[in-house]
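Student: Give me coordinates for this.
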Amino acid sequence: MTLKSVLSLLLTVTLLALPAAAQNSAQAPGDSNGFTLKSDGLANILQRQQDKASDGSRYSTVPSRPDIPINTLPQGSISDIYRAVRTDTNGQVRVSARGPATDVMIQTAGMEWLSVRAGPLRTWGGYLLLGTIVALAIFYLIRGRVRISSGRSGILIERFNTVERFFHWLMSGSFILLALTGLFTLFGRVGIIPLVGRDAFAPLAIGSKFIHDYVSWVFMVSLAVVFLMWVASNLPSRLDWIWIKQGGGILSDDKHPPAAKFNAGQKLVFWSVVLFGTTISVSGLSMLFPFEFPLFSKTFGVLNAIGFSLPTDLVPQAEMQLAQLWHAAAGFILMAIIIGHIYIGTLGMEGAAEAMTNGDVDLNWAREHHSVWVEEGDHNPRPAGGQSTSATPAE
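Tutor: I've put the predicted structure just below:
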């Protein structure tokens, strides 16, 4: 069976599985009683929260049973206390604990956060990843692998040295671990618990959180090092527009636009990793040190100054909820970009993976995809598996 036959079969199975995946991803946390975010339970809760603002008298009393003294207050109702706790009206509710979030005992926005996390975030994030894989599979079936049109020359030149490759793999490996553990956390309740059960899922979730928290530091350090190593080579140049107009030479075996060490496509990946990696790191730090440095109140204030109308009086829990949603959304986008990067660097292009495995690439591959870099550099070409040769790369 050929590779294209296997991909065609996998593509067919994936497309057939999409409706089921969408149905599963739309489900929310629940237990054996069948309560989900699409059940009447959540709708009733949200309706009560909306009604209390306009007509709180509907919930001013509590059910009574003659045998159980539910309402132990000398006067008034327990519901009065709960409403005061929720709204903190005129400072009537006080707590003995002190801290950045201890005076918020009931937070209505938590249900809204839950509905977004278990609904649109999980659904559309899953669709983005599946859609990226499906699109790349279709592209491969139509285009096939980008070959070295002039064939291999048998002469190698160094593309990335040991330090560059080490930090590239350190960053990419840590990101893959973070992506897998993040998906495990987000989809665990609907994808893992039904398979292994709650008891087995609990230690897996604890281990996943441990990995996610500590590997994040490796990712942040390696991201900073990679930025410093390659930022100069990833600045925009006039060659980028030529590369973009010719589609990077991917659509044709005959066109090979000029490029320096990094072409426009690689520069887009680099800056995507830097920008999304940074915002993921900052929001992750906000959650690693909860309530220590809120991000969104000040950000919303800046945006409001240029015409937006966003809330700036956010309780600490709302700050954490927004950080989590932003963290996950940015993570989904970066995961989709990295899937495309992995495809073009392995299956999609002949000779590309060698740059990051042993650091050397074939001279003809380099001339076709990075001709300016070859012409301007002194790369010490050598025969594959042999010693250095006196031939120059531009010959």
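Student: make it CA atoms for all contacts and neighbour counts henceforth
Tutor: Noted.
Student: Next, the contact list for the closest residue to residue 270 other than its chain neighbours, please.
Tutor: Leaving out its chain neighbours, the residue that sits closest to residue 270 by CA to CA, 6 or more residues apart in numbering is residue 234, at 7.3 Å. Counting by CA atoms under 8 Å, 6 or more residues apart in numbering, residue 234 makes contact with 262, 267, 270.
Student: Contacts only, for residue 333.
Tutor: residue 128.
Student: next structured bit after the helix or strand hosting it?
Tutor: Following DSSP states H and E, one finds residue 333 within helix 316-345. Per DSSP H and E, the first helix or strand lying C-terminal to helix 316-345 is helix 354-357.
Student: next SSE after that following helix?
Tutor: For helix 354-357, the following helix or strand on the C-terminal side (DSSP H and E) is strand 360-362.
Student: What residues of the helix or strand just after that next one count as buried?
Tutor: Going down the chain from strand 360-362, the next helix or strand is helix 363-369, by DSSP H and E. Going by neighbour count (16 or more other CA atoms under 10 Å), the buried part of helix 363-369 is 363-369.
Student: With stretch 226-237 instead?
Tutor: By neighbour count on 16+ other CA under 10 Å, the buried set for stretch 226-237 is 226, 234.
Student: Can I get that stretch in PDB, CA atoms only?
Tutor: Output of stretch 226-237 as PDB, limited to C-alpha atoms (Å, rounded to 0.1, in the frame of the first residue of the first chain):
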ATOM      1  CA  VAL A 226      16.100  31.000  19.900                       C
ATOM      2  CA  PHE A 227      14.800  34.600  19.500                       C
ATOM      3  CA  LEU A 228      18.300  36.000  20.200                       C
ATOM      4  CA  MET A 229      20.000  33.500  17.900                       C
ATOM      5  CA  TRP A 230      17.800  34.000  14.900                       C
ATOM      6  CA  VAL A 231      16.100  37.400  15.100                       C
ATOM      7  CA  ALA A 232      18.700  39.100  12.900                       C
ATOM      8  CA  SER A 233      18.200  36.500  10.100                       C
ATOM      9  CA  ASN A 234      14.400  36.800  10.300                       C
ATOM     10  CA  LEU A 235      14.000  40.500   9.800                       C
ATOM     11  CA  PRO A 236      11.900  41.400   6.700                       C
ATOM     12  CA  SER A 237      13.800  41.900   3.400                       C
END
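Student: model confidence over it, on average?
Tutor: Stretch 226-237 carries an average pLDDT of 96.
Student: Just name the closest of the buried residues of helix 363-369 to residue 138, please.
Tutor: Compare each of the buried residues of helix 363-369 with residue 138 using CA to CA and the shortest gap goes to residue 369, at 23.4 Å.
Student: Is it correct that the closest one is in contact with residue 259?
Tutor: Yes - between residue 369 and residue 259 there is a contact under CA atoms under 8 Å: 6.6 Å.
Student: Okay, now the unreliable bits of this protein?
Tutor: Applying pLDDT under 70 to the chain flags the ranges 1-95, 97, 103-105, 386-395.
Student: where along it do the strands fall?
Tutor: 155-158, 360-362, 382-383 (DSSP state E).
Student: May I see these organised as TSV, with distance to residue 190 and mean neighbour count added?
Tutor: Below are the strands of the chain laid out as TSV (distance: least, CA to CA, whole Å; neighbours: other CA atoms under 10 Å):
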stretch	distance to residue 190	mean neighbour count
strand 155-158	47	22
strand 360-362	44	24
strand 382-383	54	18
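Student: Counting residues, which helix of the protein comes out longest?
Tutor: helix 198-230 (DSSP state H).
Student: Neighbour count and distance to residue 162 for the contacts of residue 234 - can I get that in JSON lines?
Tutor: Formatted as JSON lines, those follow (neighbours: other CA atoms under 10 Å; distance: CA to CA, whole Å):
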{"residue": "262", "neighbour count": "19", "distance to residue 162": "18"}
{"residue": "267", "neighbour count": "19", "distance to residue 162": "21"}
{"residue": "270", "neighbour count": "17", "distance to residue 162": "19"}
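Student: Can you tell me which of the residues you listed comes closest to residue 224?
Tutor: Taking CA to CA as the measure, residue 270 is the one of those closest to residue 224, at 12.1 Å.
Student: Can you give me the separation between residue 328 and residue 232?
Tutor: Distance, residue 328 to residue 232, by CA to CA, to the nearest Å: 30 Å.
Student: which residue sits closest to the residue positioned nearest the centre of the chain in space, ignoring its chain neighbours?
Tutor: What sits nearest the mean C-alpha location of the chain, by CA atoms, centre = their mean, is residue 331, with 1.1 Å. Leaving out its chain neighbours, the residue that sits closest to residue 331 by CA to CA, 6+ apart is residue 280, at 6.7 Å.
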